[in-house]
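Enquirer: Sequence plus the predicted model coming up.
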Amino acid sequence: MTPTESPVRPRVYIETVGCQMNVLDSELVVAALKKDGYELTDDPATADVMLFNTCSVREHAEDKTYSALGRVAPLKKQDPALVIGVIGCMAQKDQEAIRGRAPYVDMVVGTGQLAKIPELVRAVRATGKPQYALSLGRTDGGRHEVEASFESYDPARDPEMRPNSSQAFVRIQIGCDKFCTYCVVPSTRGPEQSRHPDHIVSEARVLVDQGAKEVTLLGQTVNSYVFDHGDGRRTRLSDLLARLHDVDGLGRIKFVTNFPKDMTNDLLDAVRDLPKVCKYLHVPAQSGCDEMLKRMKRLYTVDEYWEMLHRARERVPGVAVSSDFIVGFCGETEDSFAKTMRMVEDARFKNSFIFKYSERPGTKAAERFPDDIPEEVKRRRNQDLLAVQNANSLTDHQQWIGREARVLVEGLSRQGQKAAGPVRQLLGRSLTDHIVVFDGNERLTGNFLTIDVNDASPFTLYGTVRTGETQGATGEYTAPRPKRVGLQVV
Ligand code: 5AD
Ligand code: SF4
């Protein structure tokens, strides 16, 4: 790039793979770089700093990052001043491999070290030398030392970094201590640590001041959240929800992801009794076969999962429950898989995310059990399970026809984005996390509306805006927002 072409402010491009925790991390990293004078670009060709926020949960996610790194190699060749950084889970786990496969990478920064990014970028630009910042491995020190090396990264929030200023993520917990045998998260995100409730509540207040109507609380096992005040007092997730419920201006609170064994009655009662809390629980079952659950070290049996599910539905009438499943885990026989099929048939989940097992080097499953289910069998089981789930999702969705759903409008639907004119298809989510589409003006984004549902598919409810609410007659109308550069999530 010649000096005359150089933008006034340096530009950062960031590509994010993976979960909501990564989306939040990217938002915070960009906000920190903005403070250092950067602006966000969605065009990699114009970037001065290019960041890849990575995921290691499945091999496919890692492949995406390596191919993206391959794609940008020529840009680095053209412009050696371009700073390329790999950050997040893969960076923490595979520093050596990244250096081997993409030696032109200037920065490798683990999940617990993201706060250092502005300083590391400055160091790369000043010295031209690569910079590395990683947390300790789980066995590289005492618990306290390892915990300290995974910093909870939650600096001041910048509303401009969110695609939709009415919705925001709030981290309440980092890390995971469950050690499911297939999973890399306990090593990539370190020991489980809960954030101080006062910090969470003040962050929610800031977010509301910035226009947030809904917050989604994030944790790998969010319902294990407990903050020990050190004086005999403990704040559980149910207590935290009650405190957040008192935040004026906040309309909705969600939390993901739950661990089945930690679904306590105090939490379910809080979900039932606090009107702002979504009547929605994402509680991954992973398998419907006890032998598989044991091998996965999930710490519950199929019966115990059912007990939790019945209890949740009994205590929280109308609650929507969704799940995750892994098919083709080591040793999963046709009989084991049939048990999972039966569970999905009977459990009436709102929806399920289904994954083919992907062996992750370094996990207990990779050490102990051969990855013995052929790819085509995994694929078939994935399709079969999805077909059963989709049929159930359709039944679940059809029950909504003729009923009303109170939605927070998230913006244009995919169809709406392609259309023209002032009235286009919008997308919102109900209190039970159902996706609802309806026609309206884009300016309704960020408002709560009542939708009369008149049709359903396995993934979507269709409806019309209740008369009188179209132009903000409810008094919740928000002014149109300027167009923003969104974070690229791939
Ligand atoms: N292979 C396939 N799916 C996995 N998950 C976690 N680890 C693996 C793996 N090695 C799935 C689980 C989890 C979701 C986030 O990803 O279902 O709930
Ligand atoms: Fe991974 Fe299990 Fe922790 Fe979830 S609970 S992040 S699947 S180890």
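Expert: Received the coordinates, thanks. Numbering: from 1, shown residues only. Ligands and ions are numbered 1, 2, ... in the order given.

Enquirer: for ligand 2, what are the nearby residues on the chain?
Expert: Selection of the chain residues close to ligand 2 by C-beta under 6 Å from any ligand atom yields 176, 178-180, 183, 185-186, 220-221, 259. Where C-beta positions appear, they are placed from N, C-alpha and C, glycine not excepted.

Enquirer: Can you say which of the residues you listed are buried?
Expert: 176, 178, 180, 183, 185-186, 220-221, 259 (16 or more other C-beta atoms under 10 Å).

Enquirer: now the stretch 1-150 of the chain, which segments are flagged as low pLDDT?
Expert: For the stretch 1-150 of the chain, applying pLDDT under 70 flags the ranges 1-7.

Enquirer: OK, now which residue of it is nearest to ligand 2?
Expert: Relative to ligand 2, the nearest point of the stretch 1-150 of the chain is residue 57 (7.9 Å; C-beta to the nearest ligand atom).

Enquirer: hang on, that residue packs against residue 186?
Expert: No. Under the criterion of C-beta atoms under 8 Å, residue 57 makes no contact with residue 186, lying 11.9 Å away.

Enquirer: Now render the residues of the chain next to ligand 2 as TSV, adding secondary structure and pLDDT.
Expert: Output for those, formatted as TSV (DSSP: H, G, I helix; E, B strand; the rest coil; pLDDT from 0 to 100):
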residue	secondary structure	pLDDT
176	coil	97
178	coil	97
179	coil	97
180	coil	98
183	coil	98
185	helix	96
186	helix	96
220	coil	97
221	coil	97
259	coil	98
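
Enquirer: low-scoring stretches of the stretch 351-490 of the chain, by residue?
Expert: Applying pLDDT under 70 to the stretch 351-490 of the chain flags residues 468-490.

Enquirer: Can you tell me which residues in it are near ligand 1?
Expert: So far as C-beta under 6 Å from any ligand atom goes, the stretch 351-490 of the chain lies against ligand 1 at 355, 357-358, 360.

Enquirer: Check the stretch 101-250 of the chain too.
Expert: 182-183.

Enquirer: which residues of the stretch 351-490 of the chain fall in helices?
Expert: 364-368, 375-398, 414-418 (DSSP state H, counting those that start in this stretch).

Enquirer: got CSV for those, with mean neighbour count too?
Expert: Below are the helices of the stretch 351-490 of the chain laid out as CSV (neighbours: other C-beta atoms under 10 Å):
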stretch, mean neighbour count
helix 364-368, 14
helix 375-398, 17
helix 414-418, 12
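
Enquirer: mind checking which of these is nearest residue 283?
Expert: helix 375-398 (14.7 Å; C-beta to C-beta).

Enquirer: can you dump the C-alpha coordinates of that closest one into CSV?
Expert: Presented in CSV, the C-alpha positions along helix 375-398 are these (Å, rounded to 0.1, in the frame of the first residue of the first chain):
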residue,chain,number,x,y,z
GLU,A,375,-17.7,-41.1,8.4
GLU,A,376,-20.6,-42.3,6.2
VAL,A,377,-22.2,-43.9,9.3
LYS,A,378,-21.8,-40.7,11.2
ARG,A,379,-23.4,-38.8,8.3
ARG,A,380,-26.3,-41.2,8.1
ARG,A,381,-27.0,-41.0,11.9
ASN,A,382,-26.8,-37.3,11.7
GLN,A,383,-29.4,-37.1,9.0
ASP,A,384,-31.7,-39.7,10.7
LEU,A,385,-31.6,-37.9,14.0
LEU,A,386,-32.1,-34.5,12.3
ALA,A,387,-35.2,-35.9,10.5
VAL,A,388,-36.8,-37.0,13.8
GLN,A,389,-35.9,-33.7,15.4
ASN,A,390,-37.3,-31.7,12.5
ALA,A,391,-40.6,-33.6,12.6
ASN,A,392,-40.8,-32.8,16.4
SER,A,393,-39.9,-29.2,15.8
LEU,A,394,-42.7,-28.9,13.3
THR,A,395,-45.2,-30.3,15.8
ASP,A,396,-43.9,-27.9,18.5
HIS,A,397,-44.1,-25.0,16.1
GLN,A,398,-47.6,-25.9,14.9
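
Enquirer: Residues touching the helix or strand encompassing residue 170, excluding its own?
Expert: Here residue 170, judged by DSSP states H and E, is contained in strand 167-171. Contacts of strand 167-171 from elsewhere in the structure, counted by C-beta atoms under 8 Å, 6 or more residues apart in numbering, are 20-21, 23-24, 27, 152-154, 157, 162, 195, 200, 203-204, 207, 210, 212-219, 408, 410.

Enquirer: Repeat that for stretch 258-271.
Expert: Stretch 258-271 is contacted from outside by 178, 221-224, 236-238, 241-242, 277-279, 281-285, 298-300, 304-305, 308, 311-312, 315-316, 319, using C-beta under 8 Å, 6+ apart.

Enquirer: please redo it, this time with the cut-off set to 7 Å
Expert: Residues from elsewhere that reach stretch 258-271 (C-beta atoms under 7 Å, 6 or more residues apart in numbering): 178, 221-224, 236-238, 241-242, 277, 279, 281-283, 285, 299-300, 305, 308, 311-312, 315-316, 319.

Enquirer: chain center to that stretch, what's the gap?
Expert: 20 Å (C-alpha atoms, centre = their mean, to the nearest Å).

Enquirer: Quote the end-to-end distance of that stretch.
Expert: 13 Å (C-alpha to C-alpha, to the nearest Å).

Enquirer: before we move on, the earlier item: of the residues of the chain next to ligand 2, which is the nearest to residue 424?
Expert: residue 220 (36.7 Å).

Enquirer: Now for the closest one: which residues touch it?
Expert: For residue 220, the contact set (C-beta under 7 Å, 6+ apart) comprises 175-176, 185, 189, 257.

Enquirer: Go through those and name the one nearest residue 423.
Expert: Using C-beta to C-beta, residue 257 comes nearest to residue 423 of the contacts of residue 220, at 36.1 Å.

Enquirer: Okay, and which of the contacts of strand 167-171 map to helices?
Expert: 20-21, 23-24, 27, 200, 203-204, 207 (DSSP state H).

Enquirer: which among these end up buried?
Expert: Using 16+ other C-beta under 10 Å as the burial test, the ones in helices among the contacts of strand 167-171 include 21, 23-24, 27, 200, 203-204, 207 as buried.
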